[in-house]
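Q: here is my input, please return the structure:
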Amino acid sequence: MDLDVSDKVASVVSGVLALATAIVALRHRARSRRGWWSSLRPLWHGEADAGIVHPHRFGGYVKPLSEVYVPRRAVPRLAPSGEGVDVADLLTGAGNVLLIGEPGSGKTALVRYESARSARRWLAARGRRRSCPPGPVLVSLPAAALVHQPLPAALAEAYPGDGTRLDVERPPVPGRRWLVCVDALDAVADPDERAVVLNRLAQLARSPGPAAATRPWRLLVTTRHLAEDELAVLGDDYPAYHLAHFTDADVALLAARWFPDDHTARSFLDWTHAQRITEPVHNPLTATVAVLVWEGGQAGAAPTPGPAALLDEFVRALLRGGRASLDAACEALRHRPPEGEAVAAWLGTRHTDLVEVAATAAVAGGDPVAAVVDWSAAHAPASPVAVLPDWPAHVRQVLLATDLFRADRHALASVWPSLVEYLAAGPLARDWRPDEWVTLMNTGPTRFVALRAISRAAVAPAFLRERLTEPHGAIAAGHLLADRGTAGTGAPAFRADVLAALLTHWSGGPDGPAGHDAARECFSLLTTLAAGRADRDLLHEIATDPRRPGDVRRAAALFFAVRTRNAHRSPAPG
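A: As a prediction, the model looks like this:
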């Protein structure tokens, strides 16, 4: 009887132990299956939190980006019809994508918004496979991070995690891939460094993973206009799309999401008509600035309607908002007589000059703080750093207070490059020299400063007509047409003459008077402009207009034939 009881007890104990072991094994297996979710959760929390705040503060409260964001569309660069696609479809496709947008078109905001939206959807799934959102896991990286290190190392540095570095050599989730958004390729100002980044991106697209396996990532690269030779480096591995402008409906949707009621939204839209900025607000930067100017009670401040006056008023408002930091620096200098008092008097009237110096350095890829320190040492009555040892720290604070710059890992960076370029254009706009402007327009790193300069100077683009016979003049005019921020470029007659000049210089080929590089750039600009329906229609008219020279009409017909051939050859991203 005792043995029988002992056997029963032993049987029960062993059964309990076996059950406990099974439960522990199941829990361990469940944790292993969900380990990917636990490891990525900190990344998703960071991406989601970053997307809650609008990336550009503008000196005050701005509604969360998730509340005001307008879904975007993109136009295939070589699509004969110019029909757009939802950007969301590009994010969930299978191949790499090159997304080209004009200054202020919202490329960085798009990356931030989509990264945050993806992160929130993954977090909501809580690691359950059946609840996982479709598509890849998004991570983003500034293109400048690829200058000195390859993609895996750059991402591991950008996403250090909680003791575990991001490893993009392995799939993020079973059965899924990474989508790495490489943002602002054009912000790599140095041509040699940009070439390094372009070659890295090209190599990533053309080399398989270990053991010839497919890489566990795909790439979406955002940039402003690239030269044709730069596009050629990326080649067919990066089908190119142009980020579409806002439509009237998009602007109305932005107003409806931003303002508290329909009446206020309608009043804002009526004001854009009165200010003659109905077309410029199709650029998201200009639209956002217009909303903030209106909301800030500055709607009637601009003496001259137009986009230049709008941006002028907005930048003045930013500088007024950051004036307290400049006054604090002046006060610190006054406590160091006698030189400090003279320097403070000099500095107090040069707030705009100081920010323009910083903006010029930032556009060129330099250190804004160091540029201001050098400038003040050269022009102030005495070197501020000799009077005030922590002068660089004061400069840094003055620049941060404008909301035009943000603290980066190594130096200050532009919050919104288009506004910084607008400030850097100040000296050229005040001392307008047409020949210098054409030279700047034909130099990649300074082109966008030149675009802002002609807008600020309120110079009619008709002065370019006599320069269209020269390749550099035609190319400068072509870049001007590609930008929507300058008044007067929308006149159909002027646009048609520029398009005809570009056709002429391209049709001569590499052995023609324009030369190989100029001919390629003319073709690149024609392709960019033809993505818009209005310019595409003008090109069709040129091809059949008997008033145009025969060689121009033939060049237009040849352009469409080459464009169609390239479109059929280019692979789809999905």
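Q: just give the number of residues close to the closest residue to Phe246 other than its chain neighbours.
A: Distance criterion Cβ to Cβ, 6 or more residues apart in numbering; nearest residue to Phe246, sequence neighbours excluded, is His282 at 4.4 Å. No exception for glycine: its C-beta is placed from N, CA and C like everyone else's. Using other Cβ atoms under 10 Å, His282 has 18 neighbouring residues.
Q: now do the one 5 residues further on
A: Burial of Ala287, expressed as a neighbour count using other Cβ under 10 Å, amounts to 24.
Q: host element of it?
A: Using DSSP states H and E, Ala287 sits in helix 284-295.
Q: now do that helix, average pLDDT.
A: For helix 284-295, the mean pLDDT works out to 88.
Q: tell me if I'm right that Leu138 and Leu91 touch.
A: Yes: at 7.3 Å, Leu138 and Leu91 qualify as touching, with contact defined as Cβ atoms under 8 Å.
Q: give me the common contacts of those two.
A: Glu114, Ser118, Leu179 (Cβ atoms under 8 Å, 6 or more residues apart in numbering).
Q: in helices only, show me those residues.
A: Residues of the shared contacts of Leu138 and Leu91 located in helices (DSSP state H): Glu114, Ser118.
Q: nearest to His273, out of the shared contacts of Leu138 and Leu91: which one, please.
A: Set against His273, the nearest of these by Cβ to Cβ is Glu114 (31.7 Å).
Q: wait, what's in contact with that closest one?
A: Val87, Ala88, Leu91, Leu138, Cys181.
Q: now those residues as a markdown table including secondary structure and distance to Gly46?
A: A markdown table is the format used below for the contacts of Glu114 (DSSP: H, G, I helix; E, B strand; the rest coil; distance: Cβ to Cβ, whole Å):
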| residue | secondary structure | distance to Gly46 |
| --- | --- | --- |
| Val87 | helix | 22 |
| Ala88 | helix | 22 |
| Leu91 | helix | 19 |
| Leu138 | strand | 12 |
| Cys181 | strand | 15 |
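Q: separate out the buried members of these.
A: Among these, those classed as buried by 16 or more other Cβ atoms under 10 Å are Val87, Leu91, Leu138, Cys181.
Q: I'd say the last one and Thr222 touch.
A: Yes: judged on Cβ under 8 Å, Cys181 makes contact with Thr222 at a distance of 7.0 Å.
Q: overlap in contacts, the two.
A: With Cβ under 8 Å, 6+ apart as the test, Cys181 and Thr222 both reach Val111.
Q: quick one, phi psi at Asp403?
A: For Asp403, the backbone dihedrals (degrees, to the nearest 10) come out as phi 70, psi 10.
Q: and it, how many neighbours?
A: Neighbours around Asp403, by other Cβ under 10 Å: 20.
Q: list just the nearest of the shared contacts of Leu138 and Leu91 to Leu40.
A: Closest to Leu40, out of all of the shared contacts of Leu138 and Leu91 and judged by Cβ to Cβ, is Ser118, at 11.1 Å.
Q: next, count neighbours for the closest one.
A: For Ser118, using other Cβ under 10 Å, the count is 23.
Q: list the residues that contact it.
A: By Cβ under 8 Å, 6+ apart, the neighbours of Ser118 are Glu47, Leu91, Pro133, Gly135, Pro136, Val137, Leu138.
Q: got TSV for these, with pLDDT, distance to Phe463 and secondary structure too?
A: Converted to TSV, those look like this (pLDDT from 0 to 100; distance: Cβ to Cβ, whole Å; DSSP: H, G, I helix; E, B strand; the rest coil):
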residue	pLDDT	distance to Phe463	secondary structure
Glu47	80	47	helix
Leu91	90	42	helix
Pro133	79	53	coil
Gly135	83	49	coil
Pro136	89	48	coil
Val137	89	51	strand
Leu138	90	45	strand
